[in-house]
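# Next come a sequence and a model predicted from it.
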Amino acid sequence: MDCEKAGSLMMKYMDMILTDAEALSLNRHIKTCDQCKVDFLVYDSIMNSFSEMSLVEAPEGFEDRVMETIAQLPEPRTKAAGRQISGLLGVFSVLIGLGFILILNKDAIIGWMHMYPQFEPLLSIIVPASTAIDNISLQVSTAISEFSLSMQQIGPDLTFVPLLLFGILAGVQFFMYRKERVVAKKSISHDL
Ligand SMILES: [Zn+2]
């Protein structure tokens, strides 16, 4: 038997339509031909993993039981989500605060950075960004002062605006923290 014939018999073996006589002659070829032996071992292991897959097929009603178990799991605590939000707010307010401090002092910072040559590549990014921020903050302060004028308020010094925003964020964060504490206390006394 040549390797081509052995190959076609291996395909028949995979399709599980190999006769006893064909199995015998294939077996004889494999014993003498290393290449076909390797091929057969690969095919055979594929066949075996397929039959194992069908063996581990889920028993009757397995899926229903899984769905039932999932439905019985306790509801996820909304408290964790609340803590996450207040944590995010904390990070956010610190970033905003830092951002305002940097923006308000950016000319001083850029001047300081000019003294050190290693900041040169950074400055090529920061200086155009700073100009853009200047334009934006000019527009924002124009809008705010127009708004202030329309509200009949006198406020030429607008540096309080970032502080006000920072204060509001800090206040919201404190409020959420207190609310969480109250919820935690209630659930503790409820458990007792
Ligand atoms: Zn062969």
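Received it, and whenever you're ready, just let me know what you need. Everything quoted here is computed from the prediction, not taken from an experiment.

# what's the domain layout of the chain?
Under automatic domain parsing, the residue ranges defining each domain of the chain are 3-64, 78-191.

# Give the rounded mean pLDDT of the longest one.
For domain 78-191, the per-residue pLDDT values average out at 70.

# Then the shortest one?
Model confidence over domain 3-64 averages 82 on the pLDDT scale.

# start to end distance for that domain?
50 Å (Cα to Cα, to the nearest Å).

# Use 13 as the first number for this chain going forward.
Yep, numbering from 13; the last one is domain 15-76 now.

# do it and the ion meet at all?
Yes. Counting by Cβ under 5 Å from the ion, the ion has neighbours in domain 15-76: 15, 18, 45, 48. Backbone N, C-alpha and C define where each C-beta goes, glycine included.

# Now the third one. Nearest residue, chain neighbours left out?
It stands for residue 45. Excluding its sequence neighbours, the residue lying closest to residue 45 (Cβ to Cβ, 6 or more residues apart in numbering) is residue 15, at 6.3 Å.

# shouldn't the one you found be in contact with residue 47?
Yes. Using Cβ atoms under 8 Å, residue 15 is in contact with residue 47, at 6.6 Å.

# and the host helix or strand of residue 98, what does it pack onto?
Per DSSP states H and E: residue 98 is located in helix 90-116. Contact here means 3 or more Cβ pairs under 8 Å, 6 or more residues apart in numbering; DSSP states H and E; on that basis helix 90-116 packs against helix 172-203.

# Go again with 10 Å.
Applying 3 or more Cβ pairs under 10 Å, 6 or more residues apart in numbering; DSSP states H and E, we find helix 90-116 packed against helix 118-126, helix 132-162, helix 172-203.

# now it against helix 132-162, angle please.
Interaxial angle, helix 90-116 versus helix 132-162 (axes from the mean of the first three to the mean of the last three Cα atoms, to 10 degrees): 100 degrees.

# buried set for helix 90-116?
98, 101, 105, 109, 112, 115 (16 or more other Cβ atoms under 10 Å).

# dump the residue contacts of the residue nearest to residue 45.
41, 45, 47, 48, 51 (Cβ atoms under 10 Å, 6 or more residues apart in numbering).

# change it to 8 Å
41, 45, 47, 48 (Cβ atoms under 8 Å, 6 or more residues apart in numbering).

# Please tell me how far it sits from residue 24.
From residue 15 over to residue 24 the distance is 15 Å, taken as Cβ to Cβ, to the nearest Å.

# Over to residue 18?
11 Å.

# now residue 13
For residue 13 relative to residue 24 (Cβ to Cβ), the value is 13 Å.

# Please apply the same query to residue 103.
66 Å.

# got the buried residues for stretch 40-57?
Residues 41, 42, 45, 48, 51, 52 are the ones in stretch 40-57 that count as buried (16+ other Cβ under 10 Å).

# Residue 16 is in contact with the third one, correct?
No. The pair formed by residue 45 and residue 16 falls short of the contact definition of Cβ under 8 Å, at 11.5 Å.
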